[in-house]
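*Asks:* Sequence plus the predicted model coming up.
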Amino acid sequence: METKTVRTRFAPSPTGYMHVGNLRTALYAYLIAKKDNGTFMLRIEDTDQERQVEGAVDIIYNTLKETGLIWDEGPDIGGPVGPYVQSERMASGMYKKYALELIEKGAAYYCFCDKVSDEEKEEVAEGVSISKYDGRCSRLSKEEIEAKLAAGVPYVIRQKIPTEGKTTFHDEIFGDITVDNSELDDQILIKRDGMPTYNFANVVDDHTMGITHVIRGNEYLSSAPKYNLLYEAFGWDVPVYIHCSPVMKDASHKLSKRNGDASYQDLVAKGYLKEAVMNYIALLGWAPKGEQEIYSLQELTQAFSLDGISKSPAIFDNAKLNYINSEYIKALSPEEFHEKALPWIKQAVKREDVDTRVLADLMQKRCQVLCEIPEQLDFIDTLPDYDVELHSHKKMKTSPETAKADLPVLLEMLEQLDDFSNDSLYAAVVALSEKMEIKSGRLLWPFRVAVSGKPATPGGATELASILGKEETLRRIRDGISRLA
RNA sequence: GGCCCGUUGGUCCAGCGGUCAAGACGUCGCCCUUUCACGGCGAAAACACGAGUUCGAUUCUCGUACGGGUCACCA
């Protein structure tokens, strides 16, 4: 049996942003190709004149490049089966040519009827009646057709679906699906403007471009039987179908840009690492064989397999994404993290005398998403207002009262201390507590509160004091003492 | 409404006739600790429902319920 090299494609229409579900489809198509050293191709489907969005193609290019889903053939780099943009393919008249071929074979026909009216569409939406084209034009005589054509009557070309029998198609994820042909509509292949419909262009392109595996969203599942009929009429081999269930926002709503749900760009802007996003979405709807969950794109091409793809929709879970992102953050070298965190640190910290490397080191284990950084560092520039009750901590056995008593002692000691490095500060506080015969926590807790004004901070009291410097530290402790007065 | 598809803890999912129903995230508890976090240990938590088939069903079949998709000269 002949085995063809795997060729997959990502075929978006340039109508807006890349949402997570789209990206996942692209990822899967890429992985399926690369797993078998196959070809991953990009094709732009712009047959809808009215829905083009400016800049959408660039977003597609950029996102794919950024995430490492590098295409082997595509509009910008060409390839053996180009062009890779449907409107350009259209220019050659190929779709029309194939449609005419179908007419000759009796699998399609000219239709001169009017468009479906809006009222009729609404009826379908309300479930009142079900409209299916009645196929009247398929019964026109040869003479009638020629007369209308000669008279320049506008037309579309429709697929002629058998009225009886059943059609079965196979999907790798869902198995065999059989439907009655009577359920299938005589769908339009060529629109009045001469452009092919998505469904027709898809079949013609996938075949002429040698696509072996079609990976797409499962909103196309119900039109798949019609595809088979088309392939059959042409006498072409049917590709392997892989329909992916959608990524959901909640149990009953798909993730969509329209609702303001996170797009890939949004996630990156919030401080998610692109590798983490890709890793997470790979896991949304696909399960690896073993226990490993963190995968580089490279590792994914090895680990990926069709039988791990699930049939049911997957709800996008931010908590899990956060976890995966934090794993990637922790895996970064201190230098890499500093570089990525710097813009976020600068948002909160304007002071020039603070070492951002020290701050970055403190933050690396304490943030899941980069956007959390500014809030955690907001006390560096200015001490926030705080309630003296912050001084109460039962494990440290502290309270506003103990703080009121201990802070002046601490202040006096610190005034004498010249070396404000963390080690020196810590040693000095511990020594003081020993001298006072109390636990170090009793000093460290009010110290941290006075210096930060927050219940939780990145780093302990002495780390913060060393970052703030002697002058600012003493100032904040004095401020703390006056708050307790 | 017709047709198609789906349904395992809160979430992602493993399972493919016999399991104490696995793991991860999240949640909670304990430990570690200069708060928080990190890290370590542990706990609670699921087979939508009803009939079959079978010695035995989460697993197979059929219904029901719920959810999704589709029924465009959109993709």
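*Replies:* Here it is on my side, so go on.

*Asks:* burial measure for A:E50, as a count.
*Replies:* 5 (other C-beta atoms under 10 Å). Just so you know, the C-beta spots here come from the backbone N, C-alpha and C atoms, and that holds for glycine as well.

*Asks:* Sorry, wrong one. I was asking about A:G260.
*Replies:* Around A:G260 there are 8 residues (other C-beta under 10 Å).

*Asks:* Look up how far A:N325 lies from it.
*Replies:* Remark: distance between A:G260 and A:N325 (C-beta to C-beta, to the nearest Å) = 21 Å.

*Asks:* again with A:D180
*Replies:* For A:D180 relative to A:N325 (C-beta to C-beta), the value is 48 Å.

*Asks:* neighbour count winner among these two?
*Replies:* Using other C-beta under 10 Å, the more surrounded residue of A:D180 and A:N325 is A:N325, with 25 against 12.

*Asks:* Now chain A against RNA strand B: closest residue?
*Replies:* At 1.9 Å from RNA strand B, A:G460 is the closest residue in chain A, using C-beta to the nearest atom of the strand.

*Asks:* Quick check: pLDDT value at that residue.
*Replies:* A:G460 is assigned a predicted lDDT (pLDDT) of 96.

*Asks:* Get me the contact residues on the stretch 201-350 of chain A for RNA strand B.
*Replies:* When proximity is defined as C-beta under 7 Å from any atom of the strand, the stretch 201-350 of chain A approaches RNA strand B at A:218-223, A:246, A:248, A:251-254, A:283-287, A:291, A:293, A:307-308, A:310-315, A:317, A:319-320, A:322-323, A:326, A:330.

*Asks:* Buried ones among those?
*Replies:* Among these, those classed as buried by 16 or more other C-beta atoms under 10 Å are A:218, A:221, A:246, A:248, A:254, A:283-286, A:313-314, A:322, A:326.

*Asks:* Any regions of the stretch 351-485 of chain A where pLDDT drops low?
*Replies:* By pLDDT under 70, the stretch 351-485 of chain A has no low-scoring segment.

*Asks:* what does it have sitting close to RNA strand B?
*Replies:* So the stretch 351-485 of chain A meets RNA strand B at A:365-366, A:393, A:395-396, A:422, A:425-426, A:440-441, A:444-445, A:448, A:455-463 (C-beta under 7 Å from any atom of the strand).

*Asks:* Just the residues you listed: which are in helices?
*Replies:* Using DSSP state H, A:422, A:425-426, A:440-441, A:444-445, A:448, A:461-463 are the members of those that sit in helices.

*Asks:* For these, give me a markdown table that also has neighbour count.
*Replies:* A markdown table is the format used below for those (neighbours: other C-beta atoms under 10 Å):
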| residue | neighbour count |
| --- | --- |
| A:N422 | 18 |
| A:L425 | 23 |
| A:Y426 | 18 |
| A:S440 | 18 |
| A:G441 | 16 |
| A:L444 | 21 |
| A:W445 | 25 |
| A:R448 | 24 |
| A:A461 | 26 |
| A:T462 | 24 |
| A:E463 | 19 |
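
*Asks:* Can you name the next helix or strand after the helix or strand A:D176 falls within?
*Replies:* Using DSSP states H and E, the element containing A:D176 is strand A:175-180. Using DSSP H and E, the next helix or strand after strand A:175-180 towards the C-terminus is strand A:188-190.

*Asks:* related to what we said a few turns ago, mark which of the residues of the stretch 201-350 of chain A next to RNA strand B are part of strands, please.
*Replies:* A:248, A:253-254, A:314-315 (DSSP state E).

*Asks:* Closest to A:L42 out of the residues you listed?
*Replies:* Each of those was checked against A:L42 using C-beta to C-beta; the closest is A:K254, at 23.5 Å.

*Asks:* Enumerate every residue touching the closest residue to the closest one other than its chain neighbours.
*Replies:* Nearest in space to A:K254, with sequence neighbours left out and distances taken as C-beta to C-beta, 6 or more residues apart in numbering, is A:P246 at 5.0 Å. Taking C-beta atoms under 8 Å, 6 or more residues apart in numbering, we find A:P246 in contact with A:21, A:217-219, A:254-255, A:313-314.

*Asks:* Report the two of those separated the most.
*Replies:* A:E219 and A:A314 (15.0 Å).

*Asks:* out of the ones in helices among the residues of the stretch 351-485 of chain A next to RNA strand B, which one sits closest to A:R136?
*Replies:* A:E463 (81.2 Å).

*Asks:* ok, for the closest one, nearest residue in space, not its chain neighbours?
*Replies:* That would be A:N422: by C-beta to C-beta, 6+ apart, it lies 5.2 Å from A:E463.

*Asks:* which residues does the one you found contact?
*Replies:* The contact partners of A:N422, by C-beta under 8 Å, 6+ apart, come to A:462-463, A:465-466.

*Asks:* mind redoing it with 6 Å?
*Replies:* Applying C-beta atoms under 6 Å, 6 or more residues apart in numbering, we find A:N422 in contact with A:462-463, A:466.

*Asks:* Which helix or strand contains the nearest residue in space to A:E415 that is not next to it in sequence?
*Replies:* Leaving aside its chain neighbours, A:E415 sits nearest to A:L474 (6.5 Å; criterion: C-beta to C-beta, 6+ apart). Here A:L474, judged by DSSP H and E, is contained in helix A:470-484.

*Asks:* Report all helices and strands that that helix contacts.
*Replies:* Packing partners of helix A:470-484 (3 or more C-beta pairs under 6 Å, 6 or more residues apart in numbering; DSSP states H and E): helix A:400-416, helix A:440-452.

*Asks:* Need the CA coordinates for it. CSV is fine.
*Replies:* In CSV, the C-alpha atoms belonging to helix A:470-484 read as follows (Å, rounded to 0.1, in the frame of the first residue of the first chain):
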residue,chain,number,x,y,z
LYS,A,470,19.1,52.7,55.2
GLU,A,471,17.6,56.1,54.9
GLU,A,472,14.2,55.0,53.6
THR,A,473,14.1,52.1,56.0
LEU,A,474,14.6,54.2,59.0
ARG,A,475,12.1,56.7,57.7
ARG,A,476,9.5,54.0,57.4
ILE,A,477,10.2,52.6,60.8
ARG,A,478,9.8,56.0,62.4
ASP,A,479,6.6,56.4,60.5
GLY,A,480,5.5,53.0,61.8
ILE,A,481,6.2,54.1,65.4
SER,A,482,4.2,57.3,65.0
ARG,A,483,1.3,55.3,63.7
LEU,A,484,1.3,53.2,66.9
